[in-house]
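Participant: Just to be clear, the model below is a prediction. Sequence and coordinates:
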Protein chains: 2
Amino acid sequence: MLDICLIGAGGVGTIAAYVLEKSQRARVTVILRSNYALVKDRGFDIDSIDHGKVPNWRPHNVVSSFASAATDQKSYDFIVIATKALPELTSSIITELPPLITPGKTSIALLQNGLAIETPFATAFPNTPILSSVSMVGSRLTNSTSVFHQKADVSNVGAHFHHVDDTFTRARQHDAAALFVDVYNAGLADARPKTNARCLLVDDIVGARWAKLLWNASFNTLCTLLRISVGELISGPGRDTLLEPAMREIAAVATAAGYGDAVAEDMIQEKLHDSPPTSTLRPSMLVDLENGRPLELEVILGAPLRVALEKGVSTPVLTQVYELLRQVQWKLTTQAKR
Amino acid sequence: MLDICLIGAGGVGTIAAYVLEKSQRARVTVILRSNYALVKDRGFDIDSIDHGKVPNWRPHNVVSSFASAATDQKSYDFIVIATKALPELTSSIITELPPLITPGKTSIALLQNGLAIETPFATAFPNTPILSSVSMVGSRLTNSTSVFHQKADVSNVGAHFHHVDDTFTRARQHDAAALFVDVYNAGLADARPKTNARCLLVDDIVGARWAKLLWNASFNTLCTLLRISVGELISGPGRDTLLEPAMREIAAVATAAGYGDAVAEDMIQEKLHDSPPTSTLRPSMLVDLENGRPLELEVILGAPLRVALEKGVSTPVLTQVYELLRQVQWKLTTQAKR
């Protein structure tokens, strides 16, 4: 039986906690903040395309602080982090993590968006295996204890080989990722025949992150800046002048960074033509903006643009979209502080 | 007594009509569309920083069509156009203008924003003097017959010397502008001691248009795209990464086009530092967006960017802001048509 501590029980995190426990191979301790008392009292109400309606679902343990998570349980096999990937939040989590990490035993699993999200964890915990998940799950909290999960839980998971040496071997890091995938898939066993929910172990998780950025750095950022749906973006003149150029800029940066295979032309064509002009989808970053929540701007645009700068790749569209969204982010965060 | 026909009795146009008649040297025929019956019945209610409260003000004549304007009056000295500067609207006005223009007598006065607004009129009426006004008047319709005018009527007016030859002399074109300025200033005589309202005759109206673009192509477009006030723009990171670069791009284009004097460093500094960080001003283009009205994008950004292309000036910020606002405009106009 694995012991897992999960941080960030939002739409993605709560479904992950549920899946991990459903495997019957893991016990999950969930750290909650504002909704601790409510979840302790009545659990989560889950309405899931994969798992059906699950009222009053309670994880193995819920705690209200990192300190309680450390005292309630001697050690953890995995720390799963499913919060938004925001620099300040990541820093504060890293500050609180040490008591939860048992050297030689614990691995960190990042269920988050963006590029280079593993770096701050790898810097803080160089000998801890870090694996990360690129998730296509469509799931959100509709209130503080209700999860509406409408798109099947499909994810790519891989080890992030931030450093490899004789004692911190590639095999050990790979095995941690393989174990996580194995348990996660066990939790999806019931759902898989219906929805094809699945967790795939991939060798190149960084490539998978670049591939996801083809969409996230273009559709997600442009729809947010323009406050329009996916369908409105691809129906207007911006389809040709903004969207496709932005996507090709990401592909050029990924290629310069050595991940050309992950962003090949067929991938680009698929992302460009996947959505119908009638799509009313409002991407995640736009939903964050509309709810006054900070944007995952640094991991979605800041990080690839730092690679572009380093590799000398020109990104005329993305650079300006980034600066414009930095101004949007500034307004969001200064207003939140007032 | 001059005969003047005015098209576009919005905030700017109605005040212009009032000022021209107040000079007692002009009779103004105003062409109205949707508010014709109301204005015919009870006139405009003007509340003006320059002219005080003027209830039920009626121009000399109001008509509901170009055809009526042509039959009501034998000929006009000036056709004053104070509509928004939108390509489609300009084309439709030009189609209707010929019956109102008496060769050798009539001049066209454009009270509009942007760059190169004179070109379509010059092409259609090559031997008609065209003068244009760069106006700083702050005036708007608060309902279909009420004008709230809160910022003194200050404008630069000059002839647009689109072509000069022996019969269509520079002097004739200049004299038309000088006459317009003279009459307009007569209409401001009462206001001038209080508010310093004034109409200045300038030699280089194109330079004056570039100078106004320093603000309009930067503050106006960025506040619109980001949907923020002037104060929010200059308080955030976009002040340095977007606003100042955008303004300097306009200055570079103007300089390449031979109008460097109009956009000198002291002008840039003045525009950058003129507004306080507390300013809640929402620029005109943003107000248009918020009211679902089309944006004056082509004359404010499209025209200077065409010059940039022609002169080979790099405009990394403005090019992207333009493409982003084209998408915004597309949404505005397709929604309006539905």
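Facilitator: Thanks, I have it. Residues are numbered from 1 along each chain as shown, chains lettered A, B, ... in the order given.

Participant: Which of the helices and strands in chain A ranks last by mean pLDDT?
Facilitator: Ranked by mean pLDDT, DSSP states H and E, the helix or strand of chain A with the weakest confidence is strand A:138-143, at a mean of 89.

Participant: Which residue, other than its chain neighbours, is closest to residue A:40?
Facilitator: Among residues not flanking residue A:40 along the chain, residue A:62 sits closest, at 5.4 Å (Cβ to Cβ, 6 or more residues apart in numbering or on different chains). Placement of C-beta: from N, CA and C, glycine included.

Participant: Flag every residue of chain A that's near chain B.
Facilitator: Where chain A comes near chain B, counting by Cβ under 8 Å from any Cβ of the partner chain, the residues are A:225-228, A:232-233, A:236-238, A:241-242, A:316-317, A:319-321, A:323-324, A:326-328, A:330-331, A:334.

Participant: Give me the buried entries from those residues.
Facilitator: A:225-226, A:228, A:232-233, A:236, A:238, A:241-242, A:317, A:319-321, A:323-324, A:326-328, A:330-331 (16 or more other Cβ atoms under 10 Å in any protein chain shown).

Participant: Please flag which of the residues you listed sit within strands.
Facilitator: Among those, DSSP state E puts none in strands.

Participant: So which of those residues are in helices?
Facilitator: For those, the ones inside helices are A:225-226, A:232-233, A:238, A:317, A:319-321, A:323-324, A:326-328, A:330-331, with DSSP state H as the criterion.

Participant: Show me how far the least confident helix or strand of chain A is from its chain's centre.
Facilitator: Once both centres are worked out by Cα atoms, centre = their mean, to the nearest Å, strand A:138-143 turns out to sit 14 Å from its chain's centre.

Participant: Which positions within that strand qualify as buried?
Facilitator: Within strand A:138-143, the residues that qualify as buried are A:138, A:139, A:140, A:141, counting by 16+ other Cβ under 10 Å.

Participant: so what's the last one bridging to?
Facilitator: Same thing as residue A:141. Note on residue A:141: beta-bridge partners by DSSP bridges are residue A:147.

Participant: what residues are up against it?
Facilitator: Contacts for residue A:141 (Cβ atoms under 8 Å, 6 or more residues apart in numbering or on different chains) come out as A:10, A:11, A:14, A:147, A:148.

Participant: let's see it at 10 Å
Facilitator: A:9, A:10, A:11, A:12, A:13, A:14, A:35, A:44, A:147, A:148 (Cβ atoms under 10 Å, 6 or more residues apart in numbering or on different chains).

Participant: Looking at those, which are in strands?
Facilitator: Among those, the members falling in strands (DSSP E) are A:44, A:147, A:148.

Participant: For chain B, see how far away the last one is.
Facilitator: Going back to what we said before, that points to residue A:148. From residue A:148 over to chain B the distance is 28 Å, taken as Cβ to the nearest Cβ, to the nearest Å.

Participant: How about the first one?
Facilitator: Residue A:44 sits 36 Å away from chain B, taking Cβ to the nearest Cβ as the criterion.

Participant: Count the neighbours of that residue for me.
Facilitator: 25 (other Cβ atoms under 10 Å in any protein chain shown).

Participant: Grab the nearest non-local neighbour of it.
Facilitator: Nearest residue to residue A:44, sequence neighbours excluded (Cβ to Cβ, 6+ apart): residue A:57, at 4.9 Å.

Participant: Pop out the phi and psi values for the one you found.
Facilitator: phi -80, psi 130 (degrees, to the nearest 10).

Participant: How about the contacts made by the residue in the stretch 101-250 of chain A that chain B sits nearest to?
Facilitator: Going by Cβ to the nearest Cβ, chain B is nearest to residue A:238 of the stretch 101-250 of chain A, at 3.5 Å. Each residue near residue A:238 by Cβ under 10 Å, 6+ apart is listed here: A:222-223, A:226, A:228, A:232, A:244-246, A:317, B:323-328, B:330-331.

Participant: Now with 7 Å, please.
Facilitator: With contact taken as Cβ atoms under 7 Å, 6 or more residues apart in numbering or on different chains, residue A:238 is in contact with A:222, B:323, B:327.

Participant: quick one on the thing from earlier: check what pLDDT the residue nearest to residue A:44 gets.
Facilitator: On pLDDT, residue A:57 comes in at 98.

Participant: With residue A:155 instead?
Facilitator: 96.

Participant: where does chain A have low pLDDT?
Facilitator: Applying pLDDT under 70 to chain A flags residues A:336-338.

Participant: Could you list the domains of it?
Facilitator: Following automatic domain parsing, one gets these domains for chain A: A:2-203, A:206-337.

Participant: Now tabulate those in CSV and tack on distance to residue B:48.
Facilitator: Conversion of the domains of chain A to CSV gives the following (distance: least, Cβ to Cβ, whole Å):
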stretch, distance to residue B:48
domain A:2-203, 50
domain A:206-337, 34
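
Participant: and the nearest residue to residue A:60 once chain neighbours are set aside, how many neighbours does it have?
Facilitator: Take residue A:60 and drop its neighbours on the chain: the residue closest to it by Cβ to Cβ, 6+ apart is residue A:27, 4.1 Å away. Residue A:27: 18 surrounding residues under other Cβ under 10 Å.

Participant: For residue A:27, give me its contacts.
Facilitator: A:1, A:3, A:4, A:60.

Participant: Can you tell me the closest non-neighbouring residue to residue A:3?
Facilitator: In space, and not counting its chain neighbours, residue A:3 is closest to residue A:76: 4.9 Å by Cβ to Cβ, 6+ apart.

Participant: That neighbour belongs to a helix?
Facilitator: No. Residue A:76 sits outside any helix when classified using DSSP: H, G, I helix; E, B strand; the rest coil, being coil.

Participant: For it, give me phi and psi.
Facilitator: Torsion angles at residue A:76 (phi, psi; degrees, to the nearest 10) stand at phi -120, psi 150.

Participant: That one and residue A:26, how far apart?
Facilitator: 10 Å (Cβ to Cβ, to the nearest Å).

Participant: okay, and the common contacts of those two?
Facilitator: residue A:4.

Participant: In chain A, which residue is most central in space?
Facilitator: Central residue of chain A (Cα atoms, centre = their mean): residue A:112, 1.7 Å from the mean position.

Participant: list the helices and strands the one helix or strand residue A:67 maps to packs on?
Facilitator: Per DSSP states H and E, residue A:67 falls inside helix A:66-72. For helix A:66-72, the elements it packs on are strand A:26-31, strand A:61-63, judged by 3 or more Cβ pairs under 7 Å, 6 or more residues apart in numbering or on different chains; DSSP states H and E.

Participant: and if we set it to 10 Å?
Facilitator: Secondary-structure packing of helix A:66-72 (3 or more Cβ pairs under 10 Å, 6 or more residues apart in numbering or on different chains; DSSP states H and E): strand A:2-7, strand A:26-31, strand A:61-63, helix A:87-96.

Participant: closest one to residue A:51 among these?
Facilitator: strand A:26-31 (14.8 Å; Cβ to Cβ).

Participant: gap between the closest one and the chain center?
Facilitator: Averaging C-alpha positions (Cα atoms, centre = their mean) puts strand A:26-31 18 Å from its chain's average.

Participant: got it, and stretch A:91-98?
Facilitator: Offset of stretch A:91-98 from its chain centre (Cα atoms, centre = their mean): 18 Å.

Participant: what's next to stretch A:256-271, contact-wise?
Facilitator: When contacts are defined by Cβ under 10 Å, 6+ apart, stretch A:256-271 is touched by residues A:115, A:202, A:204, A:206-216, A:218-219, A:243-244, A:247-248, A:250-255, A:304, A:307-308, A:310-313.

Participant: just checking, which of these belong to strands?
Facilitator: Those of those lying in strands (DSSP E): none at all.

Participant: Would you mind writing the PyMOL command to select the buried ones in these?
Facilitator: Those of the contacts of stretch A:256-271 that count as buried under 16+ other Cβ under 10 Å are selected in PyMOL with:
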select buried, chain A and resi 115+202+206+207+208+209+210+211+212+213+214+215+216+218+219+243+244+247+248+250+251+252+253+254+255+304+307+308+313
